[in-house]
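Participant: Sequence first, then the predicted structure:
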Amino acid sequence: MAKTIDREALPAWAREIADAYLSGAASLFLLHANVFDLVLYKGEALTLREFLCRALLGIKDTVIFYNISEGLGFPDAASEREFLTGVGRARKGALPREPAEVLLLLERFIRTGKQNAAIVLDYVDQIAPAGLSSSFLSASDRMAGTTLQRWALDPQILQSDTIILLIAQHASEVTDGVRRSPQVRAIRVPLPDQEERGTHIEHLLQEMPAVTLADGAPAQLAGATAGLMRLHLLHLFREAGGRGSPIRLADLAERKKEIIERECGGLVELIRPGYGLEAVAGMEEAKRALRQVVQNVRAGAYARVPMGIAFIGPMGTAKTFTATAFAGECGMACVKFRNIYERWVGASEGNLEKVLDVVEALGPVMLVIDEIDRAMAGGRSEGDSGTSSRIYARLKEFMSDTSHRGRIITLVLSNRPDRVDPDIFRAGRIDLKIPFFLPETPEEREVILRKMAEKNGIVLQVTDGLRATEPMNGASGADIEAVVLRAAQMADEHGRPVVTDEDLQAAALDYIPLRDEETLAYMTLLAVYYCSSRRLLPERFRELSGEELRQRLRGMRMD
């Protein structure tokens, strides 16, 4: 191993470690996030362990690895010999495997004061896990966690000539005493950016000359693989080599969707919008506001792009459909949270971190959180050791990160924003709040009717659309779609390839909507109350003062 560090050849996160250690600023580091990926170093694709040995730890006389599965390990005979001599053991077979015993042995080695060493603890979240009450841990586990916390506070260990690297995929799953210690430098290993993916693709093309790209240069493939690890790229190349066919961008989209959704533990859905705002019926003021956002994104006028946007209104008002259309109009990738909160202590925080890492790597991207009032009601849940509160706090921190402006747009959807911590809707997190309402006029209902027919491939032969929608007064967009589908079924039963006025009238009269008028009225007033611009409101709501709205809402308050 080399006895010097080639700083310029290191990725940014590794340079941060080298600079902090060599300057004496830190000697204990927690590496997290993309720690199971390959690292491209001087033309070679290395595992993290190989990279650390070759690029960073070669300046050390002794390098020691440990994880609870494999026990103590050494990259070479010299390191093993130095360690055994230092702790007074004759052979490796006599070494302990239990974390508590191993850590005490490593501490003894550090305290000899003569060792120029590096210690790497893999899967440290399994050695000192977070979020568990001590009553659930064995005495050995408690001792291991306490030992690491002592290391983070012990001046003799921190000032020794030993660098200690703790490795975990999710920092949130490491005990708080270590993770939050000011003496532990957290180092986030990011997913590769477009330039790094392009370099790795060129490396793979050299390593596997039989694999070719069907579409353009490596740069195009690098752009299309945002959010993927280098390991994923390697697997894509191996799959193409096994098939004996080139890599096609058209085939990549579904494979990428599958990989990302699996890597995120099924918590997200990667959506590929096939339409823009032209598919949304009515809502002209809302579409005008959203198109202004699109224009600013495309022009690079990021200072005028909202950090986040909220769609607020009763169920059935096309909030989800409009969100997808907006992502399509922007030309952004679209990631939708399926369920960001699970009742698993510790695991939820780690899964959220993984999702947010992928979202950052995918940018420009739209992050859609549907029914935020259900997913994160007040950010509180009893009996989960504070997990939900920490998840909520992390999400709010992510939403207010100004480095995301114009590159990551968070879009939250809600019909009960009063159930959400008001802090989520403050300026700087949610800058644009758009109300959604049930269609109020026959003209609006007719526009929606025709859009729903177009969306579902139904041919209308309707001479009086306004009259056809008269029985649909008070219906939501979802209700109107249900009527259109039922009318198409009736036309089919009569052997007609098109839907007529009579079919629509019959379907509308037959359809029984599930509607709670009191709840709908309350949700409508909430949409007005949370709206950020009077221009987005129907005429009848524009002159209402905030106090009038509050009084009305108090009189209708619901659980």
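Facilitator: Perfect, I can see it now.
Participant: can you pull out the strands in the stretch 101-250 of the chain?
Facilitator: Assigned by DSSP state E, counting those that start in this stretch, the stretch 101-250 of the chain shows strands spanning 117-121, 162-167, 184-189.
Participant: For Leu38, which of these is the nearest?
Facilitator: strand 184-189 (11.4 Å; Cβ to Cβ). In short, each C-beta sits where N, CA and C put it, glycine included.
Participant: What is the closest one packed up against?
Facilitator: helix 12-22, strand 28-33 (3 or more Cβ pairs under 8 Å, 6 or more residues apart in numbering; DSSP states H and E).
Participant: got the buried residues for the longest one?
Facilitator: By neighbour count with 16 or more other Cβ atoms under 10 Å, helix 12-22 contains the buried residues Trp13, Ala14, Glu16, Ile17, Ala18, Ala20, Tyr21.
Participant: Val355: how many residues sit nearby?
Facilitator: 23 (other Cβ atoms under 10 Å).
Participant: rewinding a little: a markdown table for the helices and strands packed on strand 184-189, including mean pLDDT and distance to Ala453?
Facilitator: Shown next, in a markdown table, are those (pLDDT from 0 to 100; distance: least, Cβ to Cβ, whole Å):
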| stretch | mean pLDDT | distance to Ala453 |
| --- | --- | --- |
| helix 12-22 | 96 | 53 |
| strand 28-33 | 97 | 47 |
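Participant: was I right about Leu213 contacting Ser245?
Facilitator: No. With contact defined as Cβ atoms under 8 Å, Leu213 does not count as touching Ser245 (11.2 Å).
Participant: Of these two, which one has the most company?
Facilitator: Ranked by neighbour count (other Cβ under 10 Å), Leu213 and Ser245 place Leu213 first, with 16 against 13.
Participant: Next one: the more buried one from Gly242, what distance?
Facilitator: The spacing between Leu213 and Gly242, counted by Cβ to Cβ, to the nearest Å, is 16 Å.
Participant: Tell me how many other residues surround the residue lying closest to Gln159 once chain neighbours are set aside.
Facilitator: Using Cβ to Cβ, 6 or more residues apart in numbering and skipping the chain neighbours, the partner closest in space to Gln159 is Ser27 (7.6 Å). Using other Cβ under 10 Å, Ser27 has 20 neighbouring residues.
Participant: Let me see the contact set for Ser27.
Facilitator: Neighbouring residues of Ser27 by Cβ atoms under 8 Å, 6 or more residues apart in numbering: Tyr21, Leu158, Gln159, Ser160, Thr162, Ile163, Ile164.
Participant: What about the closest residue to Pro190 other than its chain neighbours? Give its phi and psi, please.
Facilitator: Leaving aside its chain neighbours, Pro190 sits nearest to Asn34 (6.0 Å; criterion: Cβ to Cβ, 6+ apart). Taking degrees, to the nearest 10, you get phi -90, psi 60 for the backbone angles of Asn34.
Participant: I figured Asn34 hits Met229, correct?
Facilitator: Yes. Between Asn34 and Met229 a contact is recorded at 6.4 Å, counting by Cβ under 8 Å.
Participant: Residues in contact with both of these two, list them for me.
Facilitator: Counting by Cβ under 8 Å, 6+ apart, the residues touching both Asn34 and Met229 are Leu191, Pro192.
Participant: wait, which of the buried residues of helix 12-22 is closest to Gly300?
Facilitator: Trp13 (27.6 Å).
Participant: any idea how this structure splits into domains?
Facilitator: Following automatic domain parsing, one gets these domains for the chain: 7-189, 194-259, 270-435, 442-510.
Participant: Quick one: closest of those to Gly555.
Facilitator: domain 270-435 (13.9 Å).
Participant: okay, how far is it across that closest one, tip to tip?
Facilitator: One end of domain 270-435 to the other measures 25 Å (Cα to Cα, to the nearest Å).
Participant: what's the offset of it from the middle of its chain?
Facilitator: 11 Å (Cα atoms, centre = their mean, to the nearest Å).
Participant: What is the burial count for Ala289?
Facilitator: Neighbour tally, Ala289, other Cβ under 10 Å: 18.
Participant: Redo the helices and strands packed on strand 184-189 as JSON lines? Include distance to Gly93.
Facilitator: Below are the helices and strands packed on strand 184-189 laid out as JSON lines (distance: least, Cβ to Cβ, whole Å):
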{"stretch": "helix 12-22", "distance to Gly93": "32"}
{"stretch": "strand 28-33", "distance to Gly93": "29"}
